[in-house]
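Undergrad: need a structure here:
(one chain, ligands or ions: 1)
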Amino acid sequence: MINTEICSLLGIRYPIFQGGMAWVADADLAAAVSEAGGLGIIAGMNMNGEQLRAEINKLRAKCDKPFGVNVMLMSPYAAEVADVIVEEKVPVVTTGAGNPLTFMKKWVEAGVKVIPVVASVALAQMVAKRGATAVVAEGGESGGHIGEANTMALVPQVADGVDIPVIAAGGIADGRGYAAALMLGARGIQMGTRFLVAKECNVHPNFKAKVLKAGDTSTMVSGRRLGHPVRSLKTPFSRKFAELEKDPSVTDEQLDAFGTGALRKAVTEGSDAEGAFLCGEIAGLVNKEQTCREILEEMTAQAERILSGAGKFLAQENL
Ligand code: TUI
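TA: This is a model prediction of the structure:
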């Protein structure tokens with residue numbers, strides 16, 4: 001049984017987080033992951049404070065295990081969402097797309113376990129000093145907003161740079177990636193793309209079908225010009241966005257306006273023409289719809305098999 005200090009720190013069975021995917025990670029998905037023994041995370045990104053409170057209550061009606069809320073720091077509602085997390089005594093908060101220091105004191109003093117998503121050693125060290133329980137080191141293979149470094153290089157450097165546990169994210173969707181992350185120094189993993197196609201995930205069927213069909217070269221990164229690179233599936237919309245991005249006659253404001261609402265249109269309408277299907281580079285490995293429990297059990301069994309067989313690389317006859 002894979003068991004790391006993340007399990008005892010958070011009171012969970014599997015050290016596997018479900019990423020706080022904006023518009024996707026609702027109470028149904030997070031409750032299913034937490035109920036099965038992982039850490040389910042509600043995305044606060046697309047909600048104001050009261051909407052988040054309702055989502056937390058919905059989760060608590062289905063599940064009494066530990067869960068998290070993700071705060072997207074660029075959200076206009078970040079401050080009110082931060083307060084609701086304290087008022088509702090949310091066990092774990094993860095943050096993304098920025099520096100969470102403005103909220104950390106409040107959360108740490110309230111006893112909320114803070115686990116920022118970081119894309120650099122510098123930010124990991126800063127939040128470790130301010131009382132973070134752990135960090136998620138997220139590489140550029142991830143879907144959505146990404147940093148510069150990739151998982152293979154980022155995880156061991158963050159693990160060396162801080163004394164708190166590191167959770168690896170980006171490019172992990174099976175037991176091989178899980179085992180590899182542990183070898184890189186991580187004490188757990190976070191996955192988004194594999195949970196996108198979970199039975200309990202409420203994204204539009206078109207979104208699931210696209211992920212299930214995707215191959216190794218099906219994603220692309222756009223948005224660098226606006227300062228926030230985003231990985232998504234290649235679609236007519238994302239290609240058009242990339243074209244406009246290169247066109248100097250298109251202003252940043254026009255580009256921004258073109259992208260506004262695109263993620264919601266992918267998740268709730270499955271719209272090919274106007275939707276941005278945020279998705280990780282590992283989508284090519286994700287080929288079946290399963291329950292969250294099946295995903296956690298299969299990931300664990302596969303990683304355990306690999307880890308317990310790893311001694312074969314040290315066998316005398318192979319030297
Ligand atoms: O946040 C994410 N993934 C996201 S957020 C999102 S919503 C969005 N949509 C369009 C444009 C922008 C956002 C979709 N996916 N992952 C965590 C993450 N955080 N990845 C990278 C970072 C990050 C990057 C820079 C964290 C901190 C940072 O700089 C901190 C600083 O020092 O200011």
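Undergrad: Could you tell me which residues within stretch 231-251 count as buried?
TA: Buried positions in stretch 231-251, judged by neighbour count with 16 or more other Cβ atoms under 10 Å: 231-235, 237-238, 241-242, 244-245. Bear in mind the C-beta positions are built from the backbone N, C-alpha and C, glycine included.
Undergrad: who does the residue of the stretch 51-200 of the chain at minimum distance from the ligand bridge with?
TA: The ligand sits closest to residue 144 of the stretch 51-200 of the chain, with a gap of 2.3 Å, by Cβ to the nearest ligand atom. Listed beta-bridge partners, residue 144: residue 231 (assigned using DSSP bridges).
Undergrad: low-confidence ranges in this structure?
TA: Across the chain, residues meeting the criterion (pLDDT under 70) sit at 316-319.
Undergrad: Can you show me the helices along it?
TA: Residue ranges of the helices in the chain, as given by DSSP state H, are 5-10, 27-35, 49-62, 78-87, 101-109, 121-129, 151-161, 175-183, 193-196, 205-213, 236-246, 252-259, 262-264, 292-309.
Undergrad: Specify the angle between the fifth one and helix 121-129 in degrees.
TA: Comparing the axes of helix 101-109 and helix 121-129 via axes from the mean of the first three to the mean of the last three Cα atoms, to 10 degrees yields an angle of 30 degrees.
Undergrad: just the fourth one next, same as before
TA: For helix 78-87 against helix 121-129, the angle between stretch directions is 40 degrees (the same axes, to 10 degrees).
Undergrad: for the third one, same thing?
TA: Following the same axes, to 10 degrees, one obtains 70 degrees for the angle between helix 49-62 and helix 121-129.
Undergrad: ok, residues contacting helix 49-62?
TA: For helix 49-62, the external contacting residues (Cβ atoms under 8 Å, 6 or more residues apart in numbering) are 26-28, 30-31, 34-35, 40, 42, 44, 47, 67, 69, 77, 80-81, 83-85, 87-88, 90.
Undergrad: Narrow those residues to those that are buried.
TA: In the contacts of helix 49-62, burial by neighbour count holds for 26-28, 30-31, 34-35, 40, 42, 44, 47, 67, 69, 77, 80-81, 84-85, 88, 90, counting by 16+ other Cβ under 10 Å.
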